[in-house]
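Peer 1: pasting the sequence and the predicted model now:
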Amino acid sequence: MIETLLPFPMVSAERFSDVSGDVLFPSERQVIAGAGVARRREFATVRACARTALARLGVPAAPVLPDAHGAPRWPAGVVGSMTHCAGYRAAAVARACDVVAVGIDAEPDAPIPTRGARALVTVAEERAHIAELGVRRPGVSWDRLIFSAKESVYKAWYPLTGRWLEFDQVLITVSPDEGTFSARLLVPGPKIGARRIRGFTGTWTQAQGLLLTAVAVTSATRSPCSDSAPERT
């Protein structure tokens, strides 16, 4: 499902059940050693997805270790993102000469359970937008979709800035029929070359009880990678 949201030449891999057996590198195993069984399986499976995606890109398998803030550290020359929720794990990668940054996120298609939690992750303008979306197209958990879009935006933002992006520092507007969204930054954005980023655009889909979102950032001045193209699977 996630591949439908990503532009070529990005590649991805996803799983709906956890891997069996130990697929981790020793350094990855050390990172997760103190976690419970469910967390270790989740950690291992999303990294299995990452290695499948890297192989499709022609990049040898390597440990994908978290940095101090938990963001994955990809092999040199690669950008990527991972996500996991109940019943779903996925990873997406690209060569850095094709894509500057990427963020993906998966969430259950269920409303945020409390008004207080909804207020923490949305701003007033978004809450009004959620009400309009619910009238226009019921059957989608729009509050959860906006939360997912912010997660994807953050995952693209962080490698460009090395900074947190709070929920009230970005404003999401969803196009319900086009499967797209826009994210307007309410704080100064990063620069890519001479271009100041003032916002992001993304894509979304609803399928199999899940909401998936994705953001891919490219440079207007980039040169396409000259080596072999990834497998389109």
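Peer 2: Perfect, thanks for sending it. Numbers count the residues shown, from 1 in each chain.

Peer 1: quick check: the residue most central in space within the chain vs Val215, distance?
Peer 2: For the chain, the residue nearest the mean C-alpha position is Ile104 (1.5 Å; C-alpha atoms, centre = their mean). Shown here: Ile104 relative to Val215, a distance of 8 Å by C-beta to C-beta, to the nearest Å. All C-beta atoms are positioned from the backbone trio N, CA, C, and that covers glycine.

Peer 1: what's the answer for Ala62, then?
Peer 2: Distance of Ala62 to Val215, computed by C-beta to C-beta: 24 Å.

Peer 1: compare the two (neighbour count), which wins?
Peer 2: Between Ala62 and Val215, counted using other C-beta atoms under 10 Å, Val215 has the larger neighbour count: 26 against 17.

Peer 1: so which other helices or strands are in contact with the helix or strand hosting that one?
Peer 2: Val215 is part of strand 210-217 when elements are defined by DSSP states H and E. Other elements packing on strand 210-217 under the criterion 3 or more C-beta pairs under 8 Å, 6 or more residues apart in numbering; DSSP states H and E are strand 88-95, strand 101-108, helix 142-161, strand 199-207.

Peer 1: so which of these is the most surrounded?
Peer 2: The highest average neighbour count among the helices and strands packed on strand 210-217, using mean count of other C-beta atoms under 10 Å, belongs to strand 88-95 at a mean of 26.

Peer 1: redo the helices and strands packed on strand 210-217 as TSV? Include distance to Gln169 and mean pLDDT.
Peer 2: Shown next, in TSV, are the helices and strands packed on strand 210-217 (distance: least, C-beta to C-beta, whole Å; pLDDT from 0 to 100):
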stretch	distance to Gln169	mean pLDDT
strand 88-95	24	97
strand 101-108	15	97
helix 142-161	9	97
strand 199-207	12	96
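
Peer 1: let's have these in CSV, adding distance to Val11.
Peer 2: Conversion of the helices and strands packed on strand 210-217 to CSV gives the following (distance: least, C-beta to C-beta, whole Å):
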stretch, distance to Val11
strand 88-95, 6
strand 101-108, 11
helix 142-161, 17
strand 199-207, 16
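
Peer 1: out of those, which comes closest to Pro188?
Peer 2: helix 142-161 (9.6 Å; C-beta to C-beta).

Peer 1: which residues sit against whatever helix or strand comes next after that closest one?
Peer 2: Next along the chain after helix 142-161, taking DSSP H and E as the criterion, comes strand 170-175. Outside strand 170-175, the residues that touch it by C-beta atoms under 8 Å, 6 or more residues apart in numbering are 123, 125-126, 129, 133, 142, 145-146, 149-150, 153, 180-186, 204.

Peer 1: what do you get for stretch 109-117?
Peer 2: Outside stretch 109-117, the residues within contact range by C-beta under 8 Å, 6+ apart are Arg118, Val121, Val140, Ser141, Asp143, Arg144, Phe147, Gln206, Gly209, Leu210, Leu211.
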